[in-house]
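1. what's the 3D shape of this:
(chains A and B)
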Amino acid sequence: MRLTNVSFRYRRRDQSVIRDVNAQASPGDVIELTGVNGAGKSTLLRLLAGLLTPTSGTIADRPAVVGLAPDRFPTEQPFTVARYLDHMARVRGGARWRPWAERLTMQHLLDVRLGELSKGSAHKVGLAQALMGEPGLLLLDEPFAGLDADTRDALPPIVADLSARGVVVVASDHQGGLRCLPSLRHWSLTGGLLTEPAAPAEPVQETRPVTVEVTVPAGEVGAFLGRMRAEGYAARELSEETR
Amino acid sequence: MIALAAFRVAAYVRSHRVYQALLAILALLAILHGSRAPRGLEAAALTDSAALIIPFLAWAARSLLDTEPDRQRELSATLAGGRRRELAAGLLAALAACVAFDALALGWGLLLGVSATPQGAELAAVLALHALAILTGLALGALTSRAILPSPAVSIMALVGGFLAMLMVSASPLHWLSVPVTAWMRAANSGLLADRLPALAAASLAWCLIGLAAYAWLRRTRP
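-> Predicted coordinates:
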């Protein structure tokens, strides 16, 4: 997929939200899109999805099947999770969604009405509908927002699997949840301009010891110190005089 | 596209929005066909129902298109494979709802609103006008849906105002500048519906197609 001089503005007299973007993504690329709030990340994702047409420039070679997981899934719909995903699977031409529901640990949500879902659970439904149907381009808008720890851990391997199958993944992500993937590319959007900074160097392991202060209820001091010592930390209770 | 249209109809029914238009149409039909039209005025009675049901069909079409949250419309477009398919599926779903409501109106009129069923060319003309009423309601509803007019107040004013403007313009000599609904009723009342149908249908169809094309054109920048 190739973006050539892509600019976009919402109205004729508005300033461009996206300015003269040139970029390329090859099959299997996983790209982390960063930028401050209002930088135009969601707009760029919608351009990539084909939902918006560039004011100028072109987006070429977009994969035929696109999956889009929104930052806020629209729950104001009169369906249960299973019925909604059934409908979306039919719209996708008979795609299978149950394997994704299993990987996203959402089987217990299938009979819940969309309007009754928590933010994180609704987010999982958004991810499941985006993942079904073998997308060639997967666009994730803040994919880790509100997810429970298990699903947060499950998502990077899912993205790695898709990448290995040649799927282009672009994720707008403030939380850096995909930084564990070794081949992650970075797009940074500032003032409508897209840059691709070099990948950050591996963080240097800091070995210098530091002392931290933790406040715990008096009755739990012994258990807390035990846990810390079990993990290899030199933990001790401060005496009354040194407090 | 069919699957997406079915999804939208299902959402319209399950959200109970369908009852808003249904109850209003039942009230209209109860008043309109409160007593059977005398012999010889069957076409006039059924033409009146075709003209007067237009704003209710527009309301149903608008309501169906607005059932889907804006964000879901975007998801539907990506799942269906493009914005054009999403647009076509929305119009198809709204058309299905309008056809169902108009079939109810036509069936009620034929069974309870007239003393005898019109025959031949007269019946064909009545059916054609009901088909044009469906298209007119679809176009007016689509043009006043949330994707085009985000403000609910502006949208409902545009819907009602659009129909009133249609009535007033079509009552004037310049009736060809709008869907000529008043001219439909005049022709039916004077017994000339079958004769005047080709000209009236051509103007009506042209305005419906212009309305639907305008909707599609406006949606280019309003996903």
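2. and the residue lying closest to B:A214 once chain neighbours are set aside, what is it in contact with?
-> Once flanking residues are discounted, B:A214 sits nearest to B:L143: 6.5 Å by C-beta to C-beta, 6 or more residues apart in numbering or on different chains. C-betas here are computed from N, CA, C, even on glycine. Residues in contact with B:L143, defined by C-beta atoms under 8 Å, 6 or more residues apart in numbering or on different chains, are B:L149, B:A158, B:G162, B:G211, B:A214, B:Y215, B:L218.
3. Test for you: state the pLDDT assigned to B:L143.
-> For B:L143, the pLDDT comes out at 98.
4. List the buried residues in stretch A:171-181.
-> Under the neighbour-count criterion of 16 or more other C-beta atoms under 10 Å in any protein chain shown, stretch A:171-181 has A:A171, A:S172, A:D173, A:G177, A:L178, A:L181 buried.
5. how near is A:R92 to B:H130?
-> Distance, A:R92 to B:H130, using C-beta to C-beta, to the nearest Å: 36 Å.
6. So for the two, which residue has more residues nearby?
-> Taking other C-beta atoms under 10 Å in any protein chain shown, A:R92 and B:H130 do not tie; A:R92 has more neighbours (24 against 21).
7. Centroid-nearest residue for chain B?
-> Residue closest to the mean C-alpha point of chain B, counted by C-alpha atoms, centre = their mean, is B:G137 at 2.1 Å.
8. Which pLDDT value goes with the nearest residue to B:A51 once chain neighbours are set aside?
-> Using C-beta to C-beta, 6+ apart and skipping residues adjacent in sequence, the residue nearest B:A51 is B:V181, 4.3 Å away. pLDDT for B:V181: 94.
9. Going along the chain, name the strands of chain A.
-> Along chain A, the segments classed as strands by DSSP state E run A:2-8, A:18-24, A:30-34, A:56-60, A:66-69, A:137-141, A:168-172, A:185-190, A:193-195.
10. Format these as TSV; extra columns: mean pLDDT.
-> Listed next are these as TSV, based on pLDDT from 0 to 100:
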stretch	mean pLDDT
strand A:2-8	94
strand A:18-24	92
strand A:30-34	92
strand A:56-60	94
strand A:66-69	95
strand A:137-141	95
strand A:168-172	94
strand A:185-190	91
strand A:193-195	90
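11. Adding distance to chain B as columns, could you present those strands in a markdown table?
-> Formatted as a markdown table, these follow (distance: least, C-beta to the nearest C-beta, whole Å):
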| stretch | distance to chain B |
| --- | --- |
| strand A:2-8 | 11 |
| strand A:18-24 | 15 |
| strand A:30-34 | 17 |
| strand A:56-60 | 13 |
| strand A:66-69 | 5 |
| strand A:137-141 | 8 |
| strand A:168-172 | 13 |
| strand A:185-190 | 20 |
| strand A:193-195 | 21 |
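12. CA atoms of stretch A:102-112 as PDB?
-> Only the C-alpha atoms of stretch A:102-112 are listed here, as PDB (Å, rounded to 0.1, in the frame of the first residue of the first chain):
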ATOM      1  CA  GLU A 102     -12.100 -17.400  22.000                       C
ATOM      2  CA  ARG A 103      -8.700 -15.700  21.600                       C
ATOM      3  CA  LEU A 104     -10.100 -12.500  22.900                       C
ATOM      4  CA  THR A 105     -11.600 -14.300  25.900                       C
ATOM      5  CA  MET A 106     -15.100 -13.000  25.300                       C
ATOM      6  CA  GLN A 107     -17.200 -16.200  25.200                       C
ATOM      7  CA  HIS A 108     -18.900 -15.200  28.400                       C
ATOM      8  CA  LEU A 109     -20.100 -12.000  26.700                       C
ATOM      9  CA  LEU A 110     -21.900 -13.600  23.800                       C
ATOM     10  CA  ASP A 111     -25.400 -13.400  25.200                       C
ATOM     11  CA  VAL A 112     -25.000  -9.900  26.700                       C
END
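13. what does chain B put close to chain A?
-> B:3-4, B:6-7, B:10-11, B:14-16, B:68-72, B:74-83, B:220-221, B:223 (C-beta under 8 Å from any C-beta of the partner chain).
14. Return the members of those residues classed as buried.
-> By neighbour count, with 16+ other C-beta under 10 Å, these hold B:3-4, B:6-7, B:10-11, B:15, B:68-69, B:71-72, B:74-81, B:83, B:223 as buried.
15. My guess is B:R222 contacts B:S145. True?
-> No - between B:R222 and B:S145 there is no contact under C-beta atoms under 8 Å: 9.8 Å.
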